[in-house]
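Q: Return atomic coordinates for the entry below.
(one chain, ligands or ions: 2)
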Amino acid sequence: MSKEEVGVKRFSKEESSSRIGRIPTPTGYPGLGDINSYLIFPEQAGGELILIDTGICSDEAWQALNDGLAELDLRVEDIDRILLTHGHTDHYGQAQRIHELSNCQLWAHENLWLTNERMRPPPERKELELYYYALWGVDRALADKAISRRAKIADRYHPMEPDHLLKDDEIVAIPGFDLKTIHTPGHCPDEVVYWQEDLKLFFSGDHLLPDITPVCLTQMPRNKGDVRPRALSEYQDSLAKVSPYPARVTYPSHGAPITDHLELIKSYGLSTDRRLLKISRILEAGGPMTPMAVGKELFPKAWESQIVPVMSEIIGHCDILEDNGHLVEQMNNGVIEYLYRSTPAPN
Ligand SMILES: [Zn+2]
Ligand SMILES: [Zn+2]
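A: Numbers count the residues shown, from 1 in each chain. Ligands and ions are numbered 1, 2, ... in the order given. Reported below is the predicted structural model:
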């Protein structure tokens, strides 16, 4: 993958299209760095200015957005419409603040409410969340910590009501720059990739990222006993969904443009296979284990401080192992245990 510097710029026709601009703003999340907002400039002066993703709701991000726009001879007031790739705080956080100055519209996928609700569940949901953490073998103190950490993250944005809810396959009409909405759940339930057919370009949100593998966050069922969505399996289906597109350039929300999305998807596949094998070996050696116990072995340094992504990785991969008959899930005193059955063969 290219290691070009990721700064404010207007792309050239030779690179892709002179109608695309990029403004990175800091997320403040350790290890994540900046998020890229993309601009779609109007075909003709006075036409609609579109912003894809907003940056997180912080003074640093607000300053960076304003500075970036100024560098491109624009102001926040010029933004007519925001398109979201998904509702995570770093993509959605500044929408309300931008709207207050520009009166812009907000368009997002119809599942946005699910991501919003996950970030800001109603208070009575806490009991259900604690039930699921216990089911996965996470102790109470750690579960409480995860819930209060999320509340702090949720404070970093003020959800803005969307003006239009996008459906899979829907065309966002933009003069000379129509975008097709491709629903790609996995990283979160409302993730979309936007496809520009004439230029063969993707705006890939967090679905395709050059430097990090997107985490597919486990979604707790909304009611006790409901079927839990299998986030990593959904993500793999969504990778298969974007694979056939002949993309020349993919603009990700974090990092530099991607020129070969198929190569990237292949590398994700290899790292998934490696992780499946590792987990299978841990289970083979350690006997029946809770998701938490597997997490402690696979991520000895990160499990305590990053319980949500760690559990998401374990549960997502164990879903796949279970679907392929390599493990069985059993209950022991109200806690899930994974029991080794066979070792997955590399694809
Ligand atoms: Zn995200
Ligand atoms: Zn992101």
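Q: got the buried residues for stretch 259-272?
A: Buried residues in stretch 259-272, counted by 16 or more other Cβ atoms under 10 Å: 261, 264, 268, 272. Using the backbone N, CA and C atoms, a C-beta is placed for each residue, glycine as well.
Q: show me what contacts the second one?
A: Pointing back at Leu264 there. 1, 208, 210, 250, 258 (Cβ atoms under 8 Å, 6 or more residues apart in numbering).
Q: how about these in a markdown table, adding secondary structure and neighbour count?
A: Shown next, in a markdown table, are the contacts of Leu264 (DSSP: H, G, I helix; E, B strand; the rest coil; neighbours: other Cβ atoms under 10 Å):
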| residue | secondary structure | neighbour count |
| --- | --- | --- |
| Met1 | coil | 16 |
| Leu208 | coil | 26 |
| Pro210 | coil | 20 |
| Thr250 | strand | 24 |
| Ile258 | strand | 20 |
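Q: Closest to Pro288 out of those residues?
A: Leu208 (36.0 Å; Cβ to Cβ).
Q: The buried residues of stretch 259-272 into CSV, with extra columns for distance to ligand 2?
A: Formatted as CSV, those follow (distance: Cβ to the ion, whole Å):
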residue, distance to ligand 2
His261, 17
Leu264, 16
Tyr268, 16
Thr272, 20
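Q: Format those as JSON lines; extra columns: pLDDT.
A: Compiled in JSON lines, the buried residues of stretch 259-272 are given as follows (pLDDT from 0 to 100):
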{"residue": "His261", "pLDDT": "97"}
{"residue": "Leu264", "pLDDT": "97"}
{"residue": "Tyr268", "pLDDT": "96"}
{"residue": "Thr272", "pLDDT": "96"}
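Q: Just these: which are in strands?
A: Among the buried residues of stretch 259-272, no member is found in strands (DSSP state E).
Q: Return the subset of those lying in helices.
A: Among the buried residues of stretch 259-272, the members falling in helices (DSSP state H) are 261, 264, 268, 272.
Q: So the third one sits against Ala240, correct?
A: No: here Tyr268 lies out of contact with Ala240, judged by Cβ atoms under 8 Å, at a distance of 11.5 Å.
Q: Nearest to ligand 1, out of the ones in helices among the buried residues of stretch 259-272: which one, please.
A: Tyr268 (15.7 Å; Cβ to the ion).
Q: Give me the distance from the helix or strand harbouring Arg118 to the chain's centre.
A: Assigned by DSSP states H and E, Arg118 belongs to helix 112-119. The chain centre lies 13 Å from the centre of helix 112-119; the measure is Cα atoms, centre = their mean, to the nearest Å.
Q: Report the mean per-residue pLDDT for that helix.
A: Helix 112-119 shows a mean pLDDT of 93.
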